[in-house]
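>>> sequence isn't available, so here's the structure alone:
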């Protein structure tokens, strides 16, 4: 891509992530949001990583379509996003209950007391998962793969992880016993499956995983 197109993609990703993170936060607890619809402090206080991922993806695909860009552009972002998310979860863990990322109560020996009794340290679960995922991305990057596979591996793996780990969180259940975030992860996974089906019908450049000589 040209430098101009690359910067437009980055801008779209940042803007879409910011908007998506807020919108999904508002739907985390619809009743609470409805009760505070006119409270700007509440409306601007929270955000979600899943919403940022989906919002960023939608915005980037929209921007690329407008510019006529057909190349996959997410591979270089997969590992930095993983590292940034893991660092962010350290802050979530240190914040405790106020961050609303703690798990449900548990009697397991590794439960962490955040001030109201031992809970699942879901932030630590996520950090451990991200370490494994990051190592997998590095391993895949050094082998022959299709353009876009690194980001797709990150996107699918993280959404699947969040779907299951959120059963351990005291989230409001909105549909069929699922939280809004879990519903969003399913939508994201369906999109990737549909995109994969479409992708199989066209040629995607291969990457050997070995840097080109300059």
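Ah, there it is. From a predicted model like this one, the values you see are computed outputs, not experimental measurements. Numbers count the residues shown, from 1 in each chain.

>>> quick one: residue 43 and residue 26 touch, right?
Yes - counting by CB atoms under 8 Å, residue 43 touches residue 26, with 7.0 Å between them. Bear in mind the C-beta positions are built from the backbone N, C-alpha and C, glycine included.

>>> all helices of the chain, in order?
3-28, 30-35, 40-43, 49-67, 75-95, 122-141, 149-165, 180-199 (DSSP state H).

>>> JSON lines please, covering those helices and showing mean pLDDT and mean neighbour count.
Shown next, in JSON lines, are the helices of the chain (pLDDT from 0 to 100; neighbours: other CB atoms under 10 Å):
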{"stretch": "helix 3-28", "mean pLDDT": "88", "mean neighbour count": "17"}
{"stretch": "helix 30-35", "mean pLDDT": "85", "mean neighbour count": "12"}
{"stretch": "helix 40-43", "mean pLDDT": "82", "mean neighbour count": "11"}
{"stretch": "helix 49-67", "mean pLDDT": "90", "mean neighbour count": "20"}
{"stretch": "helix 75-95", "mean pLDDT": "92", "mean neighbour count": "16"}
{"stretch": "helix 122-141", "mean pLDDT": "96", "mean neighbour count": "17"}
{"stretch": "helix 149-165", "mean pLDDT": "93", "mean neighbour count": "19"}
{"stretch": "helix 180-199", "mean pLDDT": "85", "mean neighbour count": "16"}
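
>>> common neighbours of residue 43 and residue 26, please.
residue 33 (CB atoms under 8 Å, 6 or more residues apart in numbering).

>>> domains of the protein?
Here the domain parsing of the chain from automatic domain parsing is 1-70, 73-206.

>>> correct me, but residue 31 touches residue 180?
No - taking CB under 8 Å as the definition, residue 31 is not a contact partner of residue 180, at 11.6 Å.

>>> which neighbours do the two share?
residue 172.

>>> in contact with residue 113, which residues are there?
Residue 113 touches residue 119, counting by CB under 8 Å, 6+ apart.

>>> look up how far residue 119 lies from it.
Applying CB to CB, to the nearest Å, the value for residue 113 to residue 119 is 7 Å.

>>> likewise residue 163?
Taking CB to CB, one finds residue 163 at 20 Å from residue 119.

>>> got the helices of the chain as TSV, with distance to residue 101 columns?
Output for the helices of the chain, formatted as TSV (distance: least, CB to CB, whole Å):
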stretch	distance to residue 101
helix 3-28	11
helix 30-35	16
helix 40-43	17
helix 49-67	10
helix 75-95	4
helix 122-141	6
helix 149-165	10
helix 180-199	11
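
>>> so which of these gets nearest residue 107?
Counting by CB to CB, residue 107 lies closest to helix 122-141 out of those; the figure is 15.8 Å.

>>> re earlier: so which of the helices of the chain is nearest residue 102?
Ranking these by proximity to residue 102 (CB to CB) places helix 122-141 first, at 6.6 Å.

>>> quick one: contacts of that closest one?
For helix 122-141, the external contacting residues (CB under 8 Å, 6+ apart) are 75, 78-79, 82-83, 85-86, 89-90, 92-93, 101-103, 112, 149-150, 153-154, 157-158, 161, 165, 168-169, 209.

>>> how does it look with 6 Å?
Contact with helix 122-141 is made by 78-79, 82, 85-86, 89, 92-93, 101, 103, 150, 157, 161, 165, 168-169, 209, as judged by CB atoms under 6 Å, 6 or more residues apart in numbering.
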